[in-house]
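what follows is a protein structure lacking sequence information:
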């Protein structure tokens with residue numbers, strides 16, 4: 001929900017695929033990084049779907065409806081949501 005002030009296309013590693021790097025008005029830095037294989041797309045899409053139902057939401061809002069408030073979210077995996085995997089409790 002922040003205003004993007006700058007965006008550039010660059011490689012994150014030498015010889016790697018190009019990504020879109022952006023900076024917001026509050027100083028947040030983000031990136032759109034393309035997946036390199038179909039297996040990665042399927043894995044992260046299924047992980048995101050699982051985490052939508054299993055992770056606690058501090059605001060109580062559904063991540064899909066929040067991310068698609070102004071325009072539908074298509075062909076994007078929510079990295080912030082996938083990052084929540086590390087905070088899940090370990091259960092045996």
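Sure, I can see it. Remember, it's a predicted structure, so these values are computed and weren't measured experimentally.

any chance you could map the helices in the protein?
Along the chain, counting by DSSP state H, helices occupy 38-54, 63-67, 79-83.

can you redo the ones you listed as a markdown table with mean pLDDT?
Formatted as a markdown table, the helices of the chain follow (pLDDT from 0 to 100):
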| stretch | mean pLDDT |
| --- | --- |
| helix 38-54 | 86 |
| helix 63-67 | 65 |
| helix 79-83 | 78 |
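
dump the ones you listed to CSV, plus distance to residue 6 and mean neighbour count.
(C-beta placed from N, C-alpha, C; glycine too.) Converted to CSV, the helices of the chain look like this (distance: least, CB to CB, whole Å; neighbours: other CB atoms under 10 Å):
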stretch, distance to residue 6, mean neighbour count
helix 38-54, 26, 13
helix 63-67, 22, 14
helix 79-83, 19, 14
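
possible to save those as JSON lines with distance to residue 9?
Shown next, in JSON lines, are the helices of the chain (distance: least, CB to CB, whole Å):
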{"stretch": "helix 38-54", "distance to residue 9": "20"}
{"stretch": "helix 63-67", "distance to residue 9": "23"}
{"stretch": "helix 79-83", "distance to residue 9": "18"}
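
out of those helices, nearest to residue 3?
Comparing the helices of the chain by their distance to residue 3 (CB to CB), the top pick is helix 63-67, with 16.5 Å.
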